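A.B. asks: I'll drop the sequence and a predicted model, then ask my questions.
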Amino acid sequence: MSTPYFWAQPFRYMRYAAHQYPALFWSVMIGVQGPLILLGGVAAKKKFGWDRPPIPLSYPVPNRPRRIPAGYDDDDDDDDDDDD
């Protein structure tokens with residue numbers, strides 16, 4: 001069997017390449033699909049109206065005074081950092 005040429009018989013060449021060079025063949029096939037999926041995904045998102053809620057840009061602050069927790073402060077009696 002002679003080696004088929006891509007431009008003469010593309011499907012026969014793709015079958016030949018899949019058997020003879022599988023890693024190269026599948027890496028090219030996956031690489032070609034990337035831009036197609038990107039463009040198709042954007043078009044499908046617009047067509048079907050798939051929208052995500054916007055990402056929040058700030059943390060919602062409660063509308064009340066802040067309660068300071070008790071019992072977690074340092075003791076004022078033990079001042080070990082005095083350099084007298």
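C.D. replies: Alright, I've got the coordinates.
A.B. asks: from W50, how far off is L57?
C.D. replies: 22 Å (C-beta to C-beta, to the nearest Å). In short, each C-beta sits where N, CA and C put it, glycine included.
A.B. asks: when the two are compared, which one has more neighbours?
C.D. replies: W50 (9 against 5; other C-beta atoms under 10 Å).
A.B. asks: does the more buried one touch A44 like I think?
C.D. replies: Yes - taking contacts as C-beta atoms under 8 Å, W50 lies within contact range of A44: 7.5 Å.
A.B. asks: can you give me the strands for this protein?
C.D. replies: Counting by DSSP state E, the chain forms no strands at all.
A.B. asks: can you give me the helices in it?
C.D. replies: Per DSSP state H, the chain carries helices over the ranges 10-20, 22-48.
A.B. asks: per-residue pLDDT of V28, please?
C.D. replies: Note for V28: predicted pLDDT of 94.
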